[in-house]
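**Q** sequence plus the predicted model coming up.
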Amino acid sequence: MSAPVHIVLLYQSLLGIYGDQGNARVLQRRLEWRDIPSRLTVVEPGDPVPDDAQVYLLGGGEDNAQVSAVRALQADGGLHRAVDRGAAVLAVCAGYQIAGRTFTIGDDDTVIDGLGLLDVTTTRAPERAVGEILTKWIGHDGDEAWLTGFENHGGHTRLAPGVTPLARVEIGVGNCGDGTEGAISGKVIGTYPHGPVLARNPALADHVLSLGLDQELAPLERPEIDQLRSERIAAVRASR
Amino acid sequence: MKLDPSALAKLLAGRRIAMVSGTNGKTTTTHLLNAAIRTWADRHAPGVGVVTNADGANLHHGIASALSAAPDADIAVLETDERVVADVVRLGHPEVLVMLNFSRDQLDRNHEIKRLARMWREALRTAGADGPVVVANADEPLIVWACRDARQVVWVDTGSTWTADASLCPECGAVLHRSDDGRWSCPACGLAEPDATWQVVGGSITGPDGTTYEPQLQLPGRFNLANAACALAAAVEFGVDTDSALTGMATVTAPAGRFATVTFGDTTARLLLAKNPAGWAEALPLAATPTVVLAIDAAAADGRDVSWLWDVDYEQLQGRTVIATGPRAQDLAVRLSYAGVEHRVVPDLLAALQGHREPVDVVATYTPFQRLRKAAGI
């Protein structure tokens, strides 16, 4: 039997305000449902970031937490080594912003250097984006291509020319109101729908796992998740 | 809708005021403090009237409507929403303000909890020498930060266990240090947990002079003991003797329906309210029945985003039977599947409570909790 799949949840205390640890639970359980062993390392600032894992998770947090997180990750270097080695990263909300080139904090728009894993920049938006969001995953078809979630962010993220968005917005704001949502570079995915976005989007969860494992995974039948997806997609469409 | 401030100022004028705020425990603590003050007034100050907003209506209008119904009451014990604290401090010149805790709640509306703390700090600074004595939870960095400019603070060590919203120093942003005994301090700017004069120790409360009190509460859980410690400290600051306070607090049974045991047809149910991850962390361990009903909604009063479901340790329900109900039951069902908890979904709230032979504990978010109270006639 091969070594357990290693998942790293980064800085829950700083980047975990919207139930972001849920993504780690979802990934682990989806592996377990397929009888694939896994282990989770929860890393807090000051702890070394292991560079041998297959999947890294970054979640949502407030301005000061973003700054502390980006500084600690830069000082540690483990995440960058892992990405160079071919690990997958899912960066959500504030985690997406810090994965970019720069982001700003505070009313005076102080510019902070990000991790540079995605060629995107974030600035303060004129208006906060809060609400259910529905997007269509680029390059995917069928029911699984609909990505459903809840966004709550005060930043506008712009993609450098040539950077691929994750999805096209049907309802909601996404990156900056230009119709794009999220960004992909290699095996790094950034997205705004926050918290346990993988709970509502199992195909995206399996995609993150297959990126990290370099292999496709057998499909899983989970009717309760299909039911939740239809409810949420119908609700957000009805609210438009 | 905001009430004309001068109308609220008039209603507050000429009364002795004690107020209670914080994310969780406001209603219960207000009931405890009200009972303490009322018992003292009955015994030692006959003819002194006490008014309170007992039903949890804690915004401008709720407070105004309680006060206008009791124009002659000399004392007002007011549960105050976090967003209204600054106005009541400014307009009502309260003698005592209880600050219980600050944690993530309704993030779709309150994007940063620090913003609320900043408003409190500013209100207390502006009030200056005219400000209230603050009875505050020393375990919470954001509360301690908000009290820095208060005229006088009485610190209570409540033994809080929820630390997920207090990783960074509110003053300078550095990562806080926590010692083995749970005390917090900032390695960068020196902000640190103050020494408390009141303490929750085990099942009792220790006062400033070292006296230990054993409150005979009818409310369950460690969290309510913490609420009682804050209410007792506030009562003493208000001039109430501890015997009256403890006697009064022991009469409180089901503040605004919380912890009430009610019947729906043949089913006996105990109602527990949980509004946010910190609240669930306290309420869920109290749910002890073999079948547990969990009611979830995402109306405005619940917070429209249910991401918080993933911050609650539902894994502790493994081996029990869970009935998921309410408009967002399906979100809970998915959460429970991932938690490995057996469950069934009964979307209709009242249908979920039908036909249980054994008593059930119900944990509900705000909107379904109020619907259950109404349905049970309490």
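**A** Right, received. Where do you want to start? Residues are numbered from 1 along each chain as shown, chains lettered A, B, ... in the order given.
**Q** ranges for the helices of chain B?
**A** B:5-12, B:26-44, B:60-68, B:85-92, B:113-127, B:141-146, B:222-237, B:242-249, B:277-283, B:329-339, B:349-352, B:366-376 (DSSP state H).
**Q** flag the shaky bits of the stretch 1-150 of chain B, pLDDT-wise.
**A** By pLDDT under 70, the weakly predicted segments of the stretch 1-150 of chain B are B:1-3, B:110-111.
**Q** can we see that at 50?
**A** Where the stretch 1-150 of chain B drops to pLDDT under 50, the residues are B:1.
**Q** and it, which of its residues are near chain A?
**A** Residues of the stretch 1-150 of chain B lying near chain A by CB under 8 Å from any CB of the partner chain: B:104, B:107, B:108, B:111, B:112, B:114. (Each C-beta comes from the backbone N, C-alpha and C, glycine too.)
**Q** buried among those residues? Make that a PyMOL selection.
**A** Selection of buried members from these for PyMOL, criterion 16 or more other CB atoms under 10 Å in any protein chain shown:
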select buried, chain B and resi 104+107+108+111+114
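**Q** and the longest strand for chain A?
**A** Counting residues, the longest strand in chain A under DSSP state E turns out to be strand A:120-137.
**Q** what helices and strands are in contact with that strand?
**A** helix A:94-99, strand A:102-105, strand A:146-159, strand A:167-171, helix A:223-239 (3 or more CB pairs under 8 Å, 6 or more residues apart in numbering or on different chains; DSSP states H and E).
**Q** just put the ones you listed in a markdown table and tack on mean neighbour count and distance to chain B.
**A** Shown next, in a markdown table, are these (neighbours: other CB atoms under 10 Å in any protein chain shown; distance: least, CB to the nearest CB, whole Å):
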| stretch | mean neighbour count | distance to chain B |
| --- | --- | --- |
| helix A:94-99 | 31 | 12 |
| strand A:102-105 | 20 | 10 |
| strand A:146-159 | 23 | 5 |
| strand A:167-171 | 20 | 14 |
| helix A:223-239 | 15 | 5 |
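**Q** how about the nearest residue to residue 214, chain neighbours excluded?
**A** I went with chain A, as the question did not name one. Among residues not flanking residue A:214 along the chain, residue A:86 sits closest, at 7.5 Å (CB to CB, 6 or more residues apart in numbering or on different chains).
**Q** the intended chain is chain B.
**A** In this structure, residue B:214 finds its nearest non-sequential neighbour in residue B:204, 5.1 Å apart by CB to CB, 6+ apart.
**Q** now swap in residue B:131 and tell me
**A** Computed as CB to CB, 6+ apart, the closest residue to residue B:131 that is not its neighbour in sequence is residue B:151, at 4.4 Å.
**Q** that neighbour contacts residue B:123, correct?
**A** No. With contact defined as CB atoms under 8 Å, residue B:151 does not count as touching residue B:123 (11.9 Å).
**Q** who's more crowded, these two?
**A** Taking neighbours as other CB atoms under 10 Å in any protein chain shown, residue B:151 and residue B:123 compare with residue B:123 leading, 21 against 15.
**Q** how close does the more buried one sit to residue A:210?
**A** Distance of residue B:123 to residue A:210, given as CB to CB, to the nearest Å: 53 Å.
**Q** what of residue A:70?
**A** In terms of CB to CB, residue A:70 sits 28 Å off from residue A:210.
**Q** more crowded one of the two?
**A** When neighbours are counted by other CB under 10 Å, residue A:70 and residue A:210 differ, and residue A:70 comes out ahead with 24 against 13.
**Q** so the more buried one sits in a helix?
**A** Yes. Residue A:70 forms part of a helix when assessed by DSSP: H, G, I helix; E, B strand; the rest coil.
**Q** which one is it nearest to, not counting chain neighbours?
**A** In space, and not counting its chain neighbours, residue A:70 is closest to residue A:98: 4.6 Å by CB to CB, 6+ apart.
**Q** could you say what helices and strands the least confident helix or strand in chain A by mean pLDDT packs with?
**A** Within chain A, judged by mean pLDDT, DSSP states H and E, the helix or strand with the poorest mean is helix A:63-76; its value is a mean of 93. On a contact count with 3+ CB pairs under 8 Å, 6+ apart, helix A:63-76 meets helix A:94-99, strand A:102-105, strand A:110-113.
**Q** among these, which is nearest residue B:295?
**A** Closest to residue B:295 of the helices and strands packed on helix A:63-76, according to CB to CB: helix A:94-99, at 30.5 Å.
**Q** can you list contacts of that closest one?
**A** For helix A:94-99, the surrounding residues in contact (CB atoms under 8 Å, 6 or more residues apart in numbering or on different chains) are A:10, A:15, A:17, A:20, A:57-62, A:65-66, A:69-70, A:73, A:89, A:91, A:103, A:114-115, A:117-118, A:120, A:122, A:153, A:155, A:157, A:182-183, A:188, A:190-192.
**Q** what separates it from the chain centre, distance-wise?
**A** Here the centre of helix A:94-99 is set off from its chain's centre by 9 Å, with CA atoms, centre = their mean, to the nearest Å.
**Q** can you check stretch B:151-170 too?
**A** That offset, for stretch B:151-170, works out to 14 Å (CA atoms, centre = their mean).
**Q** how long is it from one end to the other?
**A** Start-to-end span of stretch B:151-170 (CA to CA, to the nearest Å) is 20 Å.
**Q** and stretch B:242-259, by the same measure?
**A** End-to-end for stretch B:242-259, by CA to CA: 25 Å.
**Q** rounded mean pLDDT for it, please.
**A** Rounded to a whole number, the mean pLDDT of stretch B:242-259 is 96.
**Q** buried residues in it?
**A** By 16+ other CB under 10 Å, the buried positions in stretch B:242-259 come out as B:242, B:244-250, B:252, B:254-259.
**Q** can I get the helices and strands packed on helix A:63-76 in JSON lines including mean pLDDT?
**A** Formatted as JSON lines, the helices and strands packed on helix A:63-76 follow (pLDDT from 0 to 100):
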{"stretch": "helix A:94-99", "mean pLDDT": "97"}
{"stretch": "strand A:102-105", "mean pLDDT": "96"}
{"stretch": "strand A:110-113", "mean pLDDT": "96"}
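**Q** average pLDDT across stretch B:190-207?
**A** Taken as a whole, stretch B:190-207 carries a mean pLDDT of 95.
**Q** residues in contact with that stretch?
**A** So stretch B:190-207 is in contact with B:138-139, B:141, B:144-145, B:153-159, B:169-172, B:183-186, B:208, B:212-215, B:222, B:225-226, B:228-230, B:232-233, B:236, B:242, going by CB under 8 Å, 6+ apart.
**Q** now find how far off-centre it is within its chain.
**A** Distance of stretch B:190-207 from the chain centroid (CA atoms, centre = their mean) equals 18 Å.
**Q** next, the buried residues of it.
**A** Using 16+ other CB under 10 Å as the test for burial, stretch B:190-207 gives B:191, B:192, B:193, B:196, B:197, B:198, B:199, B:200, B:205, B:206, B:207.
**Q** let me see the contact set for the closest residue to residue B:105 other than its chain neighbours.
**A** Spatial nearest neighbour of residue B:105, excluding adjacent residues (CB to CB, 6+ apart): residue B:276 at 4.1 Å. By CB under 8 Å, 6+ apart, the residues touching residue B:276 are B:23, B:24, B:103, B:104, B:105, B:106, B:303, B:308.
**Q** any idea how far residue B:339 is from residue B:276?
**A** Computed with CB to CB, the distance linking residue B:276 and residue B:339 is 18 Å.
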